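> the sequence and its predicted three-dimensional model are supplied below.
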Amino acid sequence: MFILNIFLLTIDSCRSQIEDGKLNGFQCKTINVDLLSNDYVDCDSLFDVVRFIKLETDNKCFIGKIDKLIVTDNEFVVVDKQISKKVYVFNMDGSFRLSLSNNGRGPQEYLGISDVFLMNNDSEVGILDNENGKIMCFDFYGHYLNAIKNVPWYTSIETIDTCTFVGYDFYNVLEDKRSFVVQDYQSNIDYVFGSNCYSSNFSYGREKNLYKSSEGIMGSLNFENTIYKFTKDSVMACYKILTNPPILDDCNIKTDKSFVERRDKMGFFNGRFINSEDVILFSLSTPQSIDLNCIYLKDKCKTMKINNATRDPKFALWSFPVECSDNGFFYHIISASRACGLKDFLYMEDLNDALLDSLYFGLTADSNPIIMVTKYDNE
């Protein structure tokens, strides 16, 4: 444990080395973005629309809003934190399978859904309930298994292995300098990482701070533009977003006013980060653009800005993906009302599109959301 503490102190002392591309001997890849350039790449030259998956609409599975989508080999796990306050499991064709909805104050119930994640080699679903300070565990048949109690107030969790997880500590409830906490399920802390910038005068947070990908579990501090990888024993810097002109990159902001003033002048990395085997998609907010979507090609070490105006009308439905799979598919959420509102425009552009026919067959404005599946075209 003494050696581990020295290692973590070294991480803090070596943070300035990130600019040189290395942290503690690990290679940190730089993602450069020229915000002043007018060079964009059309979305349909990067991706192909593979299919639309309409999530079954029924009184047993009426979704208000998808807050998180988890893709497994066989199912979609759909999280609606605020409206239905349920976790749904759908088959890959969109047909409803079951819901996890033990809402209440009982020992096998949750008061609210703070986050949902996969556990035990992705064979179980964990529901974080901050109100009760516990994680409730279910199998994929909907059976309650057990509860892990005395869990700190994390805003998000991802598992590193079958007995270890990393939690993002937004509220800094226990001690200073702990944005991320790596611990086991018996509440034993392996290590903490990252100074927490939050105070009672600061309320802003990135849309996302923890990322699960084929490279492992990663995280980004507010508001530092380095993506770190977490293992059971160590932290390593993997990617650093550098822009011209520079965007906000400072974890020591203490008030909402100071953040807004700097954000409006500089822009910032908003936390959207999707890491696939071939590419990384990420989004920036700049004074000129609320959402500037970018793609980093790993084989070419090249970054391009994405233009949503394309020749393929289906990309009018494109939005930043919420998930990707190891086999290169990206998953986008489309509301049924938005899809219905664009129907005439899409068919006016292309009257003989089988994918559009599959999308609009039986679709109404109050149907459940749609999952749009795209694939990166590396040719």
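That came through, no problem.

> flag every buried residue along stretch 115-126.
115-119, 124-126 (16 or more other C-beta atoms under 10 Å). From N, CA and C alone the C-beta is placed, and that goes for glycine too.

> which strand or helix spans residue 98?
Residue 98 is part of strand 96-100, with elements assigned from DSSP states H and E.

> what packs against the next helix or strand after that strand?
As assigned by DSSP H and E, the chain's next helix or strand after strand 96-100 is strand 115-119. Where contact means 3 or more C-beta pairs under 8 Å, 6 or more residues apart in numbering; DSSP states H and E, strand 115-119 is packed against strand 68-71, strand 75-80, strand 124-129, strand 156-161.

> please state the offset of the third one from the chain centre?
So that's strand 124-129. 16 Å (C-alpha atoms, centre = their mean, to the nearest Å).

> what comes into contact with it?
Strand 124-129 has contacts (C-beta atoms under 8 Å, 6 or more residues apart in numbering) with 77, 87, 89, 100, 110-119, 135-140, 145, 148, 151, 154, 156-157, 159.

> partner strands of it and their direction?
Strand 124-129 has its sheet partners listed here by DSSP bridges as strand 115-119 (antiparallel), strand 134-139 (antiparallel).

> for these, which one sits closest to residue 188?
strand 134-139 (15.0 Å; C-beta to C-beta).

> where does the stretch 51-200 of the chain have low pLDDT?
Residues of the stretch 51-200 of the chain that meet the criterion pLDDT under 70 lie in 172-176.

> now do the helices in the chain.
2-13, 256-266, 336-341, 343-349, 354-360 (DSSP state H).

> and the last one, what does it pack onto?
Looking back up the chat, that one is helix 354-360. strand 47-54, helix 336-341, helix 343-349.

> buried sites along that helix?
Buried-residue list, helix 354-360, by 16+ other C-beta under 10 Å: 356, 359-360.

> ok, now the shortest one?
For helix 336-341, burial by neighbour count (16+ other C-beta under 10 Å) applies to 336, 339-340.

> ranges for the strands of the stretch 251-379 of the chain?
268-275, 279-285, 292-297, 302-307, 323-324, 329-334, 370-376 (DSSP state E, counting those that start in this stretch).

> what's the longest one packed up against?
Strand 268-275 sits against strand 210-213, strand 216-220, strand 279-285, strand 323-324, with contacts defined as 3+ C-beta pairs under 8 Å, 6+ apart.

> just the C-alphas of the second one, formatted as PDB.
Output for strand 216-220, consisting of C-alpha atoms alone and laid out as PDB, is shown next (Å, rounded to 0.1, in the frame of the first residue of the first chain):
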ATOM      1  CA  GLY A 216     -11.000  -0.500 -20.500                       C
ATOM      2  CA  ILE A 217     -12.500   1.900 -18.000                       C
ATOM      3  CA  MET A 218     -11.600   5.500 -18.500                       C
ATOM      4  CA  GLY A 219     -12.500   8.800 -17.000                       C
ATOM      5  CA  SER A 220     -12.000  12.600 -17.300                       C
END
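
> name the residues that touch that strand?
158-160, 166, 168, 179-180, 206, 209-212, 226-231, 238, 269, 271, 273, 275.

> cool, the shortest one as well?
By C-beta under 8 Å, 6+ apart, the residues outside strand 323-324 that reach it are 69-71, 213, 274-276, 281, 330-331.

> what about the stretch 201-350 of the chain, any weak spots by pLDDT?
350.

> quick one: which of the contacts of strand 323-324 has the most company?
Comparing the contacts of strand 323-324 by number of neighbours (other C-beta atoms under 10 Å), residue 330 comes first, having 23 neighbours.
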